[in-house]
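Chemist: Structural data only, the sequence is not supplied:
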C-alpha cells in the first residue's frame, strides 16, 4: 500500500488547521486539528487519495458520513462536518481528550476486573444507540474504544459501518471488514452481520482486558479466523469473578443466536454482576467454563463447548462453508490486488527545483518525498541537487522519493596561522579558497613578517573566497613616544618602553659667558626604571644615547649644573 502524504501544517478549505498526525487506518489519516470558525479543537480524518479517486467509493463515503451524522450519543464520537478540499475528502469529528483502550493495555497490562466491567458496560450502551439506527460497527477492538481523562468511554471509527439490514447500504453483497483477532465467526465467513456480531467483538475486548491478551492468536488471518470458529477461548486468569466469566462465555458463543441478542442485554448483565458483588472480586475455583452448583441458573450453554457437545454433521457443514468462504475470499483478494495494483509512473527530473516545486510535482504523481540537505558548490541554496531513484526510473504510486536540497558551498574553516610567515600564510589560505589581506603592525620582539593574529579568528567557518585579514610584524624602527624640555632642572612624565631597546635624542646649549670658557659645568640626566643610568648632557644638537634595558616604565630626571643651560629631549622606542 502506498504512503499518503503528511498534511500536518495544511488548512482545509481555509477553515480547518491540521496540526499533528495522531493516527492512521486503512482508509485515511487522522489529525489533531483546529476549527477556525468555531474556535475549537477537532479530529479530522483525511481519506487517502487512491480511495477518493474511485467515484463509487467516494459516493459510498458520502453515504457513510450521512449515516454517521444520524447517530448522536455521548458514548459515540460525534461527526461534525464532511467536505472535499484540494488535499482530498475529509470528515470532522470531536476530539477525545484521553487515550485508546489499546494504548492503556499496552501501558499497564490487564485491567482490574471491575474496571474492565465498567468500560465494557459503557461500550455496550454506546453500541445500543448505533444498533438502534440499524448500524453494526463491525470493527470493535481496543484501538476503537477511546477513554477520556474523566473515564468516559466513546466508540470511534464507525467509518466501516453498514446498514445492518442486508449488510450493505444498498442491499448488495456483504463486505468482509474488520480485524481478525476481534471478528465474529459469521463475519469472517462473509455471512450477514447483526448486532450479535458486535456483541462477540465486545466479548473479545472484555476477555483481553481481563487476561491481558486476546483469546485467539495466530501467524495469519486465516489461522486466527479458524480458531474463532473451531476453538473455545482459553480460561481466564485465576481470580476473575465468575459472573464476568459467564458474561464473556455467553458473548463468545459461536452461534449468534446463543449470544446476547442486544448490547443492552449484555450491559444489563454487567451492571447486575457489579451490583451483586459490590465490585468485590469473586475468586473462581474451578474451570473457567464450569457449570454446576453456584452457577447462575439462567445461563444457557452455547452449542459448542470445550467438550465438543455439538451436532457433528452441523459442525462439518459449518467448517465446510467457512473453508469455502476463505477460498473465495483468497481468490477475490488476489483479483483485487491485481486489479487495484498501483500503476507505475516515470520520475521527472527535479534538479534545480525548489522544495515547494518538488513537492507539488511529486504529489501530482501520487508520490511522497523525503528531503535531506547537502552542500553543493555550484547549485543555488534551496534547490534540488540529487534524487533517488534517478530521473526516468519507473516507480509505484505512493513510493517515497529521496531528494537532496542544496545548502550552498561547504563552509571553510579558518586555520590557525599565528606564528607563520605572512607569505606562507597567504599561500595556505589561497589553497583552501580563501582570500587574504595583510596588515603590518608593531610587534616588538617578533621577527618581521611573522603573523601575530588573524580576523576572523581560527576555527570560524566562512564561505569560499571570503577574506581573512592577517596581522604581521613589521620591520622595527625608531618611534617617538614622548618629549620634554626646560632650563636648569626638570623631569619627564613616566613613559612605557615596549621594544628591546630605546634611546633619547636631545640638544643642549649654554647660556651666558660659559661659551667663552674652556670648561663648562652643564646639566646631567638620571634614568629611573628597570635599570638605572646617569650621564652628562653634551652641548649641541642631535645628540643620542641608546639604552638596551628593554621593556618597562621609565622616567628621566635632569639636574642643573653650575652653568645655566637650555635643553630639549625626545624619547624613542625601537618598534
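Modeler: Noted; the coordinates are in hand. Source: prediction; values computed, not measured.

Chemist: SS state for residue 379?
Modeler: Three-state call for residue 379 (DSSP: H, G, I helix; E, B strand; the rest coil): coil.

Chemist: How about the backbone phi and psi for the residue lying closest to it once chain neighbours are set aside?
Modeler: Excluding its sequence neighbours, the residue lying closest to residue 379 (CB to CB, 6 or more residues apart in numbering) is residue 406, at 3.9 Å. Any C-beta I mention is one placed from the backbone N, CA and C, and that applies to glycine too. The phi/psi pair for residue 406 (degrees, to the nearest 10) reads phi -70, psi 140.

Chemist: ok, now how distant is residue 406 from residue 382?
Modeler: Distance, residue 406 to residue 382, by CB to CB, to the nearest Å: 7 Å.

Chemist: Compare these two (neighbour count), which wins?
Modeler: Neighbours per residue, other CB atoms under 10 Å: of residue 406 and residue 382, the larger number sits with residue 406, 21 against 14.

Chemist: What are the neighbouring residues in contact with the more buried one?
Modeler: With contacts defined as CB atoms under 8 Å, 6 or more residues apart in numbering, the neighbours of residue 406 are 374-376, 379-385.

Chemist: Please, a PyMOL command that selects the buried ones among those residues?
Modeler: Those of these that count as buried under 16 or more other CB atoms under 10 Å are selected in PyMOL with:
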select buried, resi 376+379+383+384+385
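
Chemist: Farthest pair within the contacts of residue 406?
Modeler: Maximum pairwise distance in those, criterion CB to CB, is 13.8 Å, between 375 and 384.

Chemist: ok, of the contacts of residue 406, which one's closest to residue 70?
Modeler: residue 384 (49.0 Å).

Chemist: quick one: secondary structure of residue 197?
Modeler: helix.

Chemist: Is it in contact with residue 187, as I believe?
Modeler: Yes: in this structure, residue 197 is within contact of residue 187 by CB atoms under 8 Å, at 5.3 Å.

Chemist: So the two - more neighbours on which side?
Modeler: With neighbours defined as other CB under 10 Å, residue 197 and residue 187 compare such that residue 187 has more, 28 against 25.

Chemist: so what does the strand or helix carrying the more buried one touch, helix or strand wise?
Modeler: Assessed by DSSP states H and E, residue 187 sits inside helix 185-188. With contacts defined as 3 or more CB pairs under 8 Å, 6 or more residues apart in numbering; DSSP states H and E, helix 185-188 has these neighbours: helix 195-211, helix 221-230, helix 312-339.

Chemist: Which of the ones you listed has the lowest mean pLDDT?
Modeler: Ranked on mean pLDDT, the bottom entry among those is helix 312-339, at a mean of 51.

Chemist: In space, what's closest to residue 23 - neighbours in sequence excluded?
Modeler: residue 30 (4.0 Å).

Chemist: Which pLDDT does the model give that neighbour?
Modeler: For residue 30, the pLDDT comes out at 90.

Chemist: Was I right to think it contacts residue 19?
Modeler: No: counting by CB under 8 Å, residue 30 stays clear of residue 19, with 11.7 Å between them.

Chemist: Which one's more surrounded, these two?
Modeler: Remark: of residue 30 and residue 19, residue 30 carries more neighbours, 20 against 15, as counted by other CB under 10 Å.

Chemist: Run through the bridge partners of residue 490.
Modeler: residue 558 (DSSP bridges).

Chemist: So that it lines up with my notes, have the first residue be 700 from now on.
Modeler: Sure, I'll start numbering at 700, so the last one becomes residue 1189.

Chemist: where's it relative to residue 1095, distance?
Modeler: 99 Å.

Chemist: show me what contacts residue 1043?
Modeler: Applying CB under 8 Å, 6+ apart, the residues near residue 1043 are 1093-1096.

Chemist: Need the buried ones from these selected in ChimeraX.
Modeler: Entered in ChimeraX, the line below selects the buried ones among the contacts of residue 1043, by 16+ other CB under 10 Å:
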select :1094,1096
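
Chemist: of all the contacts of residue 1043, which comes closest to residue 919?
Modeler: Residue 919 lies nearest to residue 1095 out of these, by CB to CB, at 24.5 Å.

Chemist: mind checking which helix or strand residue 1202 is in?
Modeler: Assigned by DSSP H and E, residue 1202 falls in strand 1201-1209.

Chemist: one step back: got the contact list for the helix holding residue 886?
Modeler: Residues from elsewhere that reach helix 884-887, judged by CB under 8 Å, 6+ apart: 837, 875, 877, 879, 891-892, 896, 899, 924, 927-928, 953, 955, 1021, 1024.

Chemist: do the same with stretch 818-826
Modeler: Applying CB under 8 Å, 6+ apart, the external contacts of stretch 818-826 come out as 772-775, 800, 810, 836, 839, 844, 846, 851-854, 894, 897, 901, 904-905, 908, 962-963, 965-966, 969-970, 973.

Chemist: Excluding chain neighbours, what is closest to residue 1165?
Modeler: Using CB to CB, 6+ apart and skipping residues adjacent in sequence, the residue nearest residue 1165 is residue 1133, 6.1 Å away.

Chemist: And for the one you found, the neighbour number?
Modeler: Counted with other CB under 10 Å, residues neighbouring residue 1133 total 20.

Chemist: so it touches residue 1166, yeah?
Modeler: Yes: shown here, residue 1133 and residue 1166 form a contact pair, counting by CB under 8 Å, at 7.5 Å.

Chemist: which neighbours does the helix or strand encompassing residue 1101 have in its sheet, and in what orientation?
Modeler: Under the criterion of DSSP H and E, residue 1101 resides in strand 1099-1105. Using DSSP bridges, the strands paired with strand 1099-1105 in its sheet are strand 1067-1073 (parallel), strand 1083-1087 (antiparallel).

Chemist: For the strand holding residue 1202, which strands pair with it and how are they oriented?
Modeler: For strand 1201-1209, pairing defined by DSSP bridges yields strand 1239-1246 (antiparallel), strand 1264-1273 (antiparallel).

Chemist: what comes up buried for the helix or strand just after it?
Modeler: Following strand 1201-1209 in sequence order, the next helix or strand is strand 1223-1227 (DSSP H and E). Judged by neighbour count using 16+ other CB under 10 Å, the buried positions of strand 1223-1227 are 1224, 1226-1227.

Chemist: Which of those sits closest to residue 806?
Modeler: Among the buried residues of strand 1223-1227, residue 1227 lies closest to residue 806 (CB to CB), at 84.4 Å.

Chemist: ok, the closest one - contacts?
Modeler: With CB under 8 Å, 6+ apart, residue 1227 has these contacts: 1253-1256.

Chemist: JSON lines please, covering those residues and showing distance to residue 1151.
Modeler: Formatted as JSON lines, the contacts of residue 1227 follow (distance: CB to CB, whole Å):
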{"residue": "1253", "distance to residue 1151": "25"}
{"residue": "1254", "distance to residue 1151": "29"}
{"residue": "1255", "distance to residue 1151": "30"}
{"residue": "1256", "distance to residue 1151": "35"}
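
Chemist: for those, which one is nearest residue 791?
Modeler: residue 1253 (87.5 Å).

Chemist: follow-up on the earlier one: mutual contacts of residue 1105 and residue 1081, please.
Modeler: By CB under 8 Å, 6+ apart, no residue touches both residue 1105 and residue 1081.

Chemist: Low-confidence ranges, the stretch 1150-1274 of the chain, go.
Modeler: Residues of the stretch 1150-1274 of the chain meeting the criterion pLDDT under 70: 1211-1217.

Chemist: Go again with 80.
Modeler: For the stretch 1150-1274 of the chain, applying pLDDT under 80 flags the ranges 1210-1218.

Chemist: The stretch 1050-1199 of the chain: strands as residue ranges?
Modeler: 1067-1073, 1083-1087, 1093-1095, 1099-1105, 1111-1112, 1134-1140, 1150-1154, 1160-1161, 1166-1172, 1177-1186, 1189-1190, 1194-1196 (DSSP state E, counting those that start in this stretch).
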